[in-house]
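# what's the 3D shape of this:
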Amino acid sequence: MSSDALTPFSHVVLVLVGEDGAGPHDLVRMAQQGRIYAEFAPSQWYAEPKRLERLGYLSARKEPGRTRPRTHYTLTEQGREALRAWMEEPSRFSRIFMEPAIRLLAADLVGDEAVLGSLGPLRAEIEAHLARLDDADRIAGELPRRERYLRLNHRLARQIVQAHADWLDEVERELGK
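Numbers count the residues shown, from 1 in each chain. Modelled structure (predicted):
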């Protein structure tokens, strides 16, 4: 793929920059809050907006920060057009890498107890995701233009997290915990 091509991550950045714009530090914060949807390295949140600016999808300006000026990106018309073109493509089912399911498949190799031990910490992660979603719901009200869409996404995320919790209950019952 050419370095000028838009990737799924490029579209994530364009969407999160949104109407009001955002700096890389804002994108990293949003990514931490929404990592149930996707998880990317913080360095990507700094590199991709620069690349998108170079390609004309974003424009950048410096704004005062707490300790030094920060870059703030906004969508260009080319960026908006890229999002419109993306919407003309059919959405695909989300690619999901299910590490816990792969670990379960290893049970015949390492034993049920080892698998249960490795899956146990998921409970804390599930609770952490739910807490972040509670925070995200509180924040959604501060973003009236996106509130409706954020809340729909939060409901999907809660269902995904609950599915993990239900699956973990089932695995623990089946493996005899």
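
# can you list the domains in this structure?
8-88, 99-174 (automatic domain parsing).

# for these, which has the smallest mean pLDDT value?
Between those, the lowest average pLDDT goes to domain 8-88, which shows a mean of 89.

# give me the neighbour count for G23.
21 (other CB atoms under 10 Å). For every residue, glycine as well, the C-beta is placed using N, CA and C.

# now the longest helix seen in the chain, how far from the chain's geometric center?
In the chain, taking DSSP state H as the definition, the longest helix is helix 147-174. Put simply, helix 147-174 sits 15 Å off its chain's centre (CA atoms, centre = their mean, to the nearest Å).

# over to stretch 82-101?
Counting by CA atoms, centre = their mean, stretch 82-101 comes out at 12 Å from the chain centroid.

# kindly report the same for stretch 146-156.
13 Å.

# so what touches it?
G18, Y37, L133, A136, D137, I139, A140, G141, L143 (CB atoms under 8 Å, 6 or more residues apart in numbering).

# A60: which element?
Take DSSP states H and E as the rule and A60 turns out to sit in strand 58-63.

# pull up the pairing partners for that strand, direction included.
In the sheet, strand 58-63 lines up against strand 70-75 (antiparallel) (DSSP bridges).

# tell me which residues in the partner strand are buried?
Within strand 70-75, the residues scored as buried using 16 or more other CB atoms under 10 Å are T71, H72, Y73, T74, L75.

# with distance to A107 added, can I get those residues in JSON lines?
Shown next, in JSON lines, are the buried residues of strand 70-75 (distance: CB to CB, whole Å):
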{"residue": "T71", "distance to A107": "48"}
{"residue": "H72", "distance to A107": "50"}
{"residue": "Y73", "distance to A107": "47"}
{"residue": "T74", "distance to A107": "51"}
{"residue": "L75", "distance to A107": "48"}
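
# and which of the residues you listed is nearest L175?
Y73 (48.1 Å; CB to CB).

# can you give me the neighbour number for the spatially closest residue to the closest one that is not a sequence neighbour?
In this structure, Y73 finds its nearest non-sequential neighbour in L58, 4.4 Å apart by CB to CB, 6 or more residues apart in numbering. Using other CB under 10 Å, L58 has 25 neighbouring residues.

# pretty sure L58 sits against V15.
No: counting by CB atoms under 8 Å, L58 does not reach V15; the two are 11.9 Å apart.
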